[in-house]
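Q: no sequence on this one, just coordinates:
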C-alpha cells in the first residue's frame, strides 16, 4: 500500500545567502507573489516563504555548503525539494519502513509539532513529507491571516 499524499505544500529552492533579497525581488516583482510575513526566523537560513495560489508556497532558503540542519552530506533539508502533506506522519514512517524506502527525519525548527520526513526519489530529487496542518504553507489555515467576508450580493 502506498503512502497517501493529501496535497502539495511547497517547493523549496536554495540560493546564496547574499542573494535572498534579489530572489525575493524576482518572485515578488516579476511573478507577483507575496511573502508570508509570518515566516519564522530559521537560524543560519535567511529567506522568504512566497505565497502562491491554491494554498501553496515557494520557500527561498539562503544557504551555502552544508546547513546546520543536515543529517549528512546528502541529507540536507535546504536542498531543492518538493514538500507534500500526509494525514499522519507516524503512520507514514511505518509504511515507508514496511516498503523498505530509505528516509531520514528532522524535528523542524519551525515548530515542535512538525516532524519532517525526507527521502530521495529514484532520480535523486529530494521529497519532504510532513503532517497536514502543522505548517504555514496553507494560507487559508493560518491563524494570523484574516479572510475578508464574502460580498453580500
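A: Yep, that arrived. As the structure is a computational prediction, the values presented were derived from the model and not from experiment. Numbers count the residues shown, from 1 in each chain.

Q: Contact partners for residue 20?
A: If a contact means CB atoms under 8 Å, 6 or more residues apart in numbering, then residue 20 has 46-48, 60, 62 as its contacts. Heads up, the C-betas are built off the backbone N, CA and C, glycines and all.

Q: Repeat the analysis, applying 10 Å as the threshold.
A: Residue 20 is in contact with 45-48, 60-63, counting by CB atoms under 10 Å, 6 or more residues apart in numbering.

Q: same check, this time on residue 62
A: Residue 62 sits in contact with 14-21, 23, 42, 44-48, 78, where contact means CB under 10 Å, 6+ apart.

Q: is residue 75 in a bridge, and if so with what?
A: residue 72 (DSSP bridges).

Q: mind listing what it touches?
A: Here residue 75 is in contact with 66, 69, 103-104, 106, 118-120, 126 (criterion: CB under 10 Å, 6+ apart).

Q: which one of the residues you listed is nearest residue 135?
A: Residue 135 lies nearest to residue 106 out of the contacts of residue 75, by CB to CB, at 13.2 Å.
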